[in-house]
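Colleague: I would like the atomic coordinates for the input below:
(one chain, ligands or ions: 1)
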Amino acid sequence: MTFDGIGRACPYSSAGSNPVGVTVAHSTGAGAHPTGACGRSTGRAAACGAPPERAGFDAVATLLIVHHTPSPNCQAMFEAVVQGATAPEIEGVRVVRRAALAATASDVLAADGYLLGTPANLGYMSGALKHFFDQVYYPCLDTTRGRPFAYYVHGGNDVTGAVRAIEALTTGLGWRSAAEPVTVTGEPGKADVEACWELGATTAAGLMG
Ligand SMILES: Cc1cc2nc3c(=O)[nH]c(=O)nc-3n(C[C@H](O)[C@H](O)[C@H](O)COP(=O)(O)O)c2cc1C
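Modeller: Next up, the predicted model:
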């Protein structure tokens with residue numbers, strides 16, 4: 001199935017079309033990891049997802065969103081990312097949200113891809129997201145190598161240090177970029193929120209099929 005415009009469902013798109021431009025396949029429901037032996041999602045956790053986390057017997061991949069959201073501007077970006085990742089057109093992807101201080105290595109090992117969100121603080125990622133990496137780095141090193149990730153950063157005036165830090169950590173883990181990061185300073189505008197929606201949709205769509 002080819003999406004010629006996932007973004008047609010994007011509530012932020014003024015143009016009414018916001019193509020993600022990905023080719024995806026319907027889930028067979030067979031499950032990529034039917035035994036669960038690898039520690040990834042089997043799609044059998046149907047009971048665990050109240051909206052907007054979506055789960056069901058069709059779920060064959062898990063997108064883990066790890067975020068630190070300390071303000072309304074960060075919240076706006078986070079909500080748009082979640083809405084994009086849980087767009088109805090995206091099938092067979094379970095979206096799990098975790099606050100950075102609550103996310104565990106088990107969450108990371110059980111996921112197939114990652115979406116990270118943080119404010120820029122003191123020229124770095126937030127202490128909360130840094131804590132997340134501190135907790136999961138070695139337990140997840142090697143096992144999660146090659147998995148896709150994306151991220152967004154909100155700042156007051158300069159997110160360079162936060163971006164550099166996230167790039168360094170994810171390079172160390174061997175994760176591969178699934179989408180260009182979204183960075184915003186100040187109050188997110190309509191285009192910024194739309195970019196966050198696309199970030200969520202693109203990252204989740206990459207796990208389909
Ligand atoms: C202690 C502290 C350090 C910060 N350092 C940076 C920074 O290095 N770069 C930046 O762009 N913003 C920085 N900020 C701004 C935060 O990124 C911003 O407050 C956060 O993204 C939330 O956005 P909001 O306050 O506009 O809602 C800092 C904020 C605090 C409280």
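Colleague: use CA for all of it now, contacts and neighbours both
Modeller: Will do.
Colleague: isn't Leu207 right up against Leu115?
Modeller: No - Leu207 sits out of contact with Leu115 when judged by C-alpha atoms under 8 Å, with a separation of 11.9 Å.
Colleague: Compare the two (neighbour count), which wins?
Modeller: Leu115 (27 against 23; other C-alpha atoms under 10 Å).
Colleague: What separation do you get for Gly127 and His68?
Modeller: Per C-alpha to C-alpha, to the nearest Å, Gly127 is found 9 Å from His68.
Colleague: Neighbour count for those two, which is higher?
Modeller: Between Gly127 and His68, counted using other C-alpha under 10 Å, His68 has the larger neighbour count: 23 against 17.
Colleague: Just give me the longest helix of the protein.
Modeller: helix 190-205 (DSSP state H).
Colleague: what distance separates it from the centre of its chain?
Modeller: 10 Å (C-alpha atoms, centre = their mean, to the nearest Å).
Colleague: Using the three-state scheme, assign the residue nearest the centre of the chain.
Modeller: By C-alpha atoms, centre = their mean, the mean C-alpha position of the chain lies nearest to Leu115, the distance being 2.5 Å. Of the three states, Leu115 takes strand under DSSP: H, G, I helix; E, B strand; the rest coil.
Colleague: What residues of stretch 67-77 count as buried?
Modeller: Buried residues in stretch 67-77, defined by neighbour count with 16 or more other C-alpha atoms under 10 Å: His67, His68, Thr69, Asn73, Cys74, Gln75, Ala76, Met77.
Colleague: next one: that stretch to chain centre, how far?
Modeller: Centre to centre, stretch against its chain (C-alpha atoms, centre = their mean), the figure for stretch 67-77 is 14 Å.
Colleague: In a helix, Phe78, correct?
Modeller: Yes - counting by three-state DSSP, Phe78 is found in a helix.
Colleague: Just list the residues touching it, thanks.
Modeller: His67, Thr69, Gly117, Cys196 (C-alpha atoms under 8 Å, 6 or more residues apart in numbering).
Colleague: and with 10 Å instead?
Modeller: When the contact criterion is C-alpha atoms under 10 Å, 6 or more residues apart in numbering, the partners of Phe78 are 65-69, 72, 84, 97, 116-118, 152, 193, 196-197, 200.
Colleague: Go through those residues and say which is closest to the ligand.
Modeller: Pro72 (5.4 Å; C-alpha to the nearest ligand atom).
Colleague: Next to the ligand in this structure, residues from the protein, please.
Modeller: Taking C-alpha under 6 Å from any ligand atom as the criterion, the neighbours of the ligand within the chain are 71-74, 119-123, 154-159, 186.
Colleague: Pick out the most distant pair among these.
Modeller: Greatest spacing in the residues of the chain next to the ligand, by C-alpha to C-alpha: Pro72 and Gly123 (20.4 Å).
Colleague: which residues do Gly127 and His68 both contact?
Modeller: Ala100, Leu101, Thr118, Pro119.
Colleague: Okay, Tyr152 and Thr183: tell me how far apart.
Modeller: Tyr152 is 6 Å from Thr183, by C-alpha to C-alpha.
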